[in-house]
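Chemist: One predicted model, sequence on top.
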Amino acid sequence: MNRRRFLGGSAALASSVLSGGIAFPAVAATTELISLDLTRHRFGVNYTPSHNWWFCWNDWNADPIRRDLDAIAALGADHLRLMLIWPFFQPNPQWVSPAHLDRLDQLLTLMEERNLHALVTVFTGQLSGWFFLPPFNRLSSGFYTDATMASAQELFIRELARIMKPHGNIIGFDMGNEINTCWQAPIQQGDAWMARMFALMQDALPGHLHVNGVDHAPWFENNTFSPQALAAARFPVMHCYPYWTGALQYGGPMDPPSVKLLAAMAALIRSYAGSQKKPIWAGEFNTCIRELPEKGQAEWLEKAVLAAIEQGVSWFSYWDSHDVDRKFAFNPLEYSLGLFTNDGRLKEQGRTFQQLAMAYRNEPVHFPKAALPVPPTRRSMDGTWQWILDWMEWKPAAA
């Protein structure tokens with residue numbers, strides 16, 4: 001590992017910190033050629049607008065977004081995962097809002113000016129514990145099988161692709177934000193829908209990278225999509241949170257079940273993919289441990305990412321860029337997950353993120369050389385966790 005460069009980055013970062021903020025580099029005049037090389041490390045964030053959260057789609061103000069993007073770019077992030085609130089963009093199955101499409105176009109342009117690449121998350125759906133269902137939604141498995149829903153989904157994808165195509169900073173589509181937490185179905189239906197959606201996205205926006213950013217559940221137990229189908233995708237995505245996965249049942253925040261969760265989930269995914277060379281994207285990761293102070297969160301971030309790099313994880317997208325304004329009602333866990341505070345102060349974990357990005361971005365991924373593990377024999381939370389603990393060679397303390 002490139003530990004010397006990582007440790008040396010702290011001195012460079014310290015010189016850029018000014019009165020609790022950071023010195024922003026000059027914005028490049030042109031956009032770099034986008035790279036979809038899955039064998040080199042990339043670092044990015046799940047963007048949470050500091051001004052009015054994602055409600056900003058309905059109350060548009062580009063100025064605070066510019067400030068957010070400048071700060072994110074200065075940390076060394078090269079991509080953002082964007083959340084489209086589905087009912088804001090498509091309130092009717094036969095109509096997509098031109099005003100919201102124009103705001104997406106503006107956001108992509110602002111990102112392009114700062115050499116930030118975009119993964120556009122479509123059917124959201126569910127975000128930070130809140131549900132955003134379009135008025136034509138049916139509260140059943142009809143999301144995956146109903147003809148009206150299928151027609152609406154295709155219209156939305158094709159309208160988004162029309163806006164995205166002219167931009168040179170597009171990674172591709174993410175089907176939804178942990179879509180299985182909003183709409184569930186028998187696995188056969190989920191897998192069939194996913195296959196159709198990958199085909200549609202590739203037809204509407206060819207030459208790009210499209211993913212299905214599910215939460216941890218389908219990797220641990222039977223939930224909407226099979227792990228085999230998810231792992232067969234070009235770039236499987238994992239969302240890793242010690243709190244939500246139950247890692248804290250097996251140790252403390254700095255014990256292996258927590259700090260090696262990204263590494264272990266990568267091994268789990270490769271066991272289903274049948275290859276140690278399968279590229280894997282940590283599409284969301286954080287602790288979600290409310291009691292952990294900034295210093296502890298930064299320590300966890302460093303240990304978790306370094307362990308994942310050792311296990312050959314390719315791309316990292318931290319959750320999230322900014323804290324959520326406490327004027328909004330959210331689960332208390334959601335307020336303080338950013339690299340920046342809501343008013344733009346760089347946090348300890350933000351400094352660590354920059355050091356990691358400086359040391360490893362664009363460095364080659366070293367895939368594991370160990371024998372490929374076989375998948376878990378028991379498809380359940382307990383069974384998968386036992387597989388993970390065995391892979392880590394970790395024995396929890398007796399209760």
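Modeler: Perfect, I can see it now. Numbers count the residues shown, from 1 in each chain.
Chemist: where does the stretch 51-200 of the chain have low pLDDT?
Modeler: 139-141 (pLDDT under 70).
Chemist: Residue 362: neighbour count?
Modeler: Close neighbours of residue 362, defined as other Cβ atoms under 10 Å, add up to 12. C-beta here means a position set from N, CA and C on the backbone, and glycine is covered the same way.
Chemist: what do you get for residue 207?
Modeler: Residues near residue 207, counting by other Cβ under 10 Å: 9.
Chemist: can you check residue 206 too?
Modeler: Using other Cβ under 10 Å, residue 206 is surrounded by 9 other residues.
Chemist: mind checking pLDDT for it?
Modeler: If you check residue 206, the pLDDT there is 95.
Chemist: Without its sequence neighbours, what residue ends up closest to residue 66?
Modeler: residue 110 (6.1 Å; Cβ to Cβ, 6 or more residues apart in numbering).
Chemist: Contacts only, for that neighbour.
Modeler: Residue 110 makes contact with 62, 65, 66, 69 under the criterion Cβ atoms under 8 Å, 6 or more residues apart in numbering.
Chemist: where's the strand or helix carrying residue 389 relative to the chain centroid, distance-wise?
Modeler: Taking DSSP states H and E as the definition, one finds residue 389 inside helix 381-392. How far helix 381-392 lies from its chain's middle: 23 Å, per Cα atoms, centre = their mean, to the nearest Å.
Chemist: Would you check that residue 282 makes contact with residue 309?
Modeler: No - checked against Cβ atoms under 8 Å, the pair residue 282 and residue 309 is beyond contact range at 10.2 Å.
Chemist: what secondary structure does the residue most central in space within the chain sit in?
Modeler: The centre of the chain sits closest to residue 283, judged by Cα atoms, centre = their mean, with a distance of 2.8 Å. On the three-state scheme (DSSP: H, G, I helix; E, B strand; the rest coil), residue 283 is labelled strand.
Chemist: Around residue 200, count how many other residues there are.
Modeler: Neighbours of residue 200 (other Cβ under 10 Å): 18.
Chemist: Give the other helices and strands that the helix or strand it falls within contacts.
Modeler: Following DSSP H and E, one finds residue 200 within helix 187-204. With contacts defined as 3 or more Cβ pairs under 8 Å, 6 or more residues apart in numbering; DSSP states H and E, helix 187-204 has these neighbours: helix 142-145, helix 147-164, helix 227-232.
Chemist: And the residue nearest to the centre of the chain, how close does it get to residue 106?
Modeler: Between residue 283 and residue 106 the computed distance is 24 Å (Cβ to Cβ, to the nearest Å).
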